[in-house]
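Participant: I would like the atomic coordinates for the input below:
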Amino acid sequence: MSTLTISCDDCTMRSTVACEGCVVTFICEREPDDAVVIDVAEERALRLLGRAGLVPPLRHRSRAACG
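Facilitator: Next up, the predicted model:
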């Protein structure tokens, strides 16, 4: 299995306008207790990518949904 490492230090778009809209910047710059909020279409896309083996599966389970 190969791994993919994403490092902002190696990114050619670092410190550009594109950097501000990057998902890595979004996740890394949030406060530790902040949730990452995605909408239904984004969740569907992540699940499809996960089923295809392109990203890790979404493992979040809401406490409210668990009973």
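Participant: Determine which residue lies closest to the centroid of the protein.
Facilitator: Nearest to the mean C-alpha position of the chain, counting by C-alpha atoms, centre = their mean, stands Val23 at 6.0 Å.
Participant: Give me the pLDDT value at that residue.
Facilitator: Taken from the predicted model, the pLDDT recorded for Val23 is 74.
Participant: from now on call the first residue 70
Facilitator: From this message on, residue numbering opens at 70, which makes the last subject Val92.
Participant: after the lowest-mean-pLDDT helix or strand in the chain, next one along is what?
Facilitator: Least confident element among the helices and strands of the chain, by mean pLDDT, DSSP states H and E: helix 92-97 (a mean of 75). The helix or strand immediately downstream of helix 92-97 is helix 109-120, counting by DSSP states H and E.
Participant: Report the buried residues of that next one.
Facilitator: Leu115 (16 or more other C-beta atoms under 10 Å). Glycine gets a C-beta too; all of them are placed from N, C-alpha and C.
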